[in-house]
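*Asks:* return a 3D structure for these sequence lines:
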Amino acid sequence: MALLGFAWLRLASLGFAWLHGAGRPAAFGPILVGMNERLGFWRRLKLAGGIVTRGAAALDDVPDGILPPARRAECDPLTLSTVFRGVQVLQTAITGLPINETRNGIKLDTVSALVQRPDINRSRRDFLADIVASMVLDGNAFIRLVRYGGEIVTCEVLPPQLVTVSDDGHDPASPRLRYGYLGRDYTPDDIVHCKFLNVPGRLRGLGPIGAAREEVESAQMARDYKAKFYTDSSNIKGYVTTEQKVSLPTLKALKDDWGKDGQAGQVRFVSDGLKYVPLDLKPADLQFLETQKFDTTQIARLLGIPASIMLAAVDGSNLTYQNIEQSWIEFADYTLAAYAGEIEELFNRLLPRGREARFDWDSSGRTNTSERYAAYASALEHQWMTVDEVRADRGLPPLASTPEPVKENQQ
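*Replies:* Next up, the predicted model:
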């Protein structure tokens, strides 16, 4: 027991530098190797909870005047129903994709623990949803890698609005990046920076909402104007016209008398040849339908989401099953791939050398049952798939004895 206590005391005295290999005695090398090989889920959870200082305690040693003031956006894009729906569609599409691991292009049967659950405190679905939302709204996603003994034990998605990016170098083509978060500095070894749109010379990426903020804000102003139109009493409800000459004092007296408070349903009179004309607006004009339709189409185009998914009507379009399926393929190739590619790069950094993470796009095609079974029949007939492979694709166990498909000319 005394020997064990001395060993742990020695470990504590060596501190953070010892954990990363600086000045580490050779006798303790096998101990650390064995610990890293046996890091399970609960061990990762315990280690991650004590490595990084969290909450208000992380700011205790920060001098006054160092932290910037709290920044708050003038308008939240998520308060717009179209933006909210678009972010929800992108999150659902990405988080619903299966993730496989490959080696030399061959799919493996197992998935590593860090890919299965990158953040030990949250589900993978929530982890990926935060990355997608950060890239849509801010254009950047920052993932902090928490290490113990040189091994990554967990990953954490940081709020992008609280992360600063600076360049300590003098050449934009070869930047020396430094990240700041809650008063602490991090290097690229500790932070994975995912960008939606990478522009040379920019330290931060561009997102669809941030790049076209004026269009999003104009849609919000149109929505607010419509809501204010019904509650603002200063809006013109009608006007008075006449073909006769009326003196200015008469008009002023009529205006003052008309503006007096009265009871609901009270009858008012107009004299001296004046005629009251109510401002008659069509229901479509009162709802600002054309403006809403244009804003929905514009934001759907900005986010790269097909109009059929956003439930937006497009003039002159004739939607069929083939058109919808083709739009989904384009949606996956030109929109979802921008988010999936960054996430795959993140997972590849977590995996051992030689392994790669890939999203399974084939399962996202959502073809109907008859077309999928026809494709399986063609694969079996031409013998480039086996029955067990087909069953595995459908999530079924292999058969005890796999029968070979019989061609019609062999019967």
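*Asks:* got the residue ranges for the helices in the stretch 1-150 of the chain?
*Replies:* 2-19, 29-37, 41-51, 81-95, 113-116, 124-137 (DSSP state H, counting those that start in this stretch).
*Asks:* report the separation between D295 and P98.
*Replies:* Look at D295 and P98: by CB to CB, to the nearest Å, they are 35 Å apart. Every C-beta, even on glycine, is put in place using the N, C-alpha and C of the backbone.
*Asks:* look at those two and report which has more neighbours.
*Replies:* Between D295 and P98, counted using other CB atoms under 10 Å, the more crowded position is D295 (23 against 12).
*Asks:* element containing that one, please.
*Replies:* helix 289-303 (DSSP states H and E).
*Asks:* residues in contact with that helix: which ones?
*Replies:* 80, 82-83, 86, 90, 136, 208-209, 212, 215-216, 218-219, 222-223, 284, 306-307, 310, 312-314, 335 (CB atoms under 8 Å, 6 or more residues apart in numbering).
*Asks:* pull out the buried members of those.
*Replies:* Buried members of the contacts of helix 289-303, counted by 16 or more other CB atoms under 10 Å: 80, 82-83, 86, 90, 136, 208-209, 212, 216, 219, 222-223, 306-307, 310, 312, 335.
*Asks:* would you list every one of the strands in this protein?
*Replies:* For the chain, applying DSSP state E gives strands covering 99-103, 106-107, 140-148, 151-158, 163-167, 177-181, 184-186, 191-195, 238-241, 275-278, 355-359.
*Asks:* the first one to strand 355-359, inter-axis angle?
*Replies:* Here the directions of strand 99-103 and strand 355-359 differ by 150 degrees (axes from the mean of the first three to the mean of the last three CA atoms, to 10 degrees).
*Asks:* so what strands line up beside strand 99-103?
*Replies:* strand 106-107 (antiparallel), strand 355-359 (antiparallel) (DSSP bridges).
*Asks:* and the first one, average pLDDT?
*Replies:* Looking at strand 106-107 alone, the average pLDDT works out to 86.
*Asks:* pLDDT weak spots in the stretch 251-400 of the chain?
*Replies:* Residue ranges of the stretch 251-400 of the chain with pLDDT under 70: 259-272, 279-289, 313-324, 363-369.
*Asks:* just the helices in it please.
*Replies:* 283-286, 289-303, 321-331, 337-350, 369-381, 387-393.
*Asks:* need the ones you listed in CSV (columns: distance to A141).
*Replies:* Compiled in CSV, the helices of the stretch 251-400 of the chain are given as follows (distance: least, CB to CB, whole Å):
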stretch, distance to A141
helix 283-286, 41
helix 289-303, 16
helix 321-331, 20
helix 337-350, 7
helix 369-381, 34
helix 387-393, 31
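*Asks:* tally of neighbours for the residue nearest to V216 when sequence neighbours are not counted?
*Replies:* In space, and not counting its chain neighbours, V216 is closest to P77: 5.3 Å by CB to CB, 6 or more residues apart in numbering. P77 has 22 neighbours, counted by other CB under 10 Å.
*Asks:* just V390 next, same as before
*Replies:* The tally of other residues near V390 (other CB under 10 Å) stands at 16.
*Asks:* how about it, nearest residue that isn't a chain neighbour?
*Replies:* Y376 (5.0 Å).
*Asks:* what about the one you found, distance to L137?
*Replies:* Y376 is 41 Å from L137, by CB to CB.
*Asks:* likewise E290?
*Replies:* Distance, E290 to L137, by CB to CB: 27 Å.
*Asks:* wait, the residue nearest to V216 sits on P208?
*Replies:* No: using CB atoms under 8 Å as the test, P77 is too far from P208 to be in contact (10.0 Å).
*Asks:* okay, E290 and L137: which has more neighbours?
*Replies:* L137 (21 against 10).
*Asks:* from G201, how far off is that one?
*Replies:* Distance from L137 to G201, by CB to CB: 23 Å.
*Asks:* likewise for S123?
*Replies:* S123 is 37 Å from G201, where distance means CB to CB.
*Asks:* next, count neighbours for T164.
*Replies:* Other residues close to T164 by other CB under 10 Å number 13.
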